[in-house]
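Kindly generate the corresponding structure for this input.
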Amino acid sequence: MQLTIQTHTSPLVDEFAEKMATLNLIAYASDAATQMEFDSLEELHESVKRAMELCMSAEIPIKGNFHRVYKSSADGIVYDWKLSLLAYRLVCLSGKPSNPSVARLIIQLIKNEHLNHF
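Predicted structure coming up:
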């Protein structure tokens, strides 16, 4: 005899779980782009992609750290990302190395780490 267990959740429970997963999303990727002085939307999109790849490589879930959202602007509907604090920092660090703001942040982090451990 084979026993099959099926779990069904109601749409209300699914919606609640989705809302809970987004509670720690505190910033927008576009804010990171402004802070880090990214020179284009392409740099922003590549930074988000690299940050997601870092999370996946480290087995950190994308859900709960990155959530695509849509905003209206003068150019029409555009998409952005809501980010957790970890994702926001990874996006900042994942900009082009030729970007002076990115370079300064990386060097500052290494200097701080060096001071704390040596």
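
so what's the spatially most central residue of the chain scoring on pLDDT?
Central residue of the chain (Cα atoms, centre = their mean): Ala87, 3.4 Å from the mean position. Here the pLDDT value assigned to Ala87 is 97.

which outside residues touch the host helix or strand of it?
According to DSSP states H and E, Ala87 maps onto helix 85-93. Here helix 85-93 makes contact (Cβ atoms under 8 Å, 6 or more residues apart in numbering) with 24, 26-27, 29, 31-33, 35-36, 44, 47-48, 50-51, 54-55, 60, 65-66, 81, 83, 102, 105-106, 109. From N, CA and C alone the C-beta is placed, and that goes for glycine too.

can I get the CA coordinates of the worst-scoring helix or strand of the chain on mean pLDDT in CSV?
Ranking every helix and strand in the chain by mean pLDDT, DSSP states H and E puts helix 11-21 at the bottom, with a mean of 74. This file holds the C-alpha atoms of helix 11-21, laid out as CSV (Å, rounded to 0.1, in the frame of the first residue of the first chain):
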residue,chain,number,x,y,z
PRO,A,11,-5.0,31.4,-1.2
LEU,A,12,-5.2,33.4,2.0
VAL,A,13,-2.4,31.4,3.7
ASP,A,14,-0.3,31.7,0.5
GLU,A,15,-0.8,35.5,0.5
PHE,A,16,0.1,35.7,4.2
ALA,A,17,3.3,33.7,3.6
GLU,A,18,4.2,36.0,0.7
LYS,A,19,3.7,39.1,2.8
MET,A,20,5.8,37.6,5.6
ALA,A,21,8.6,36.9,3.1
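
Fine by me, thanks again.
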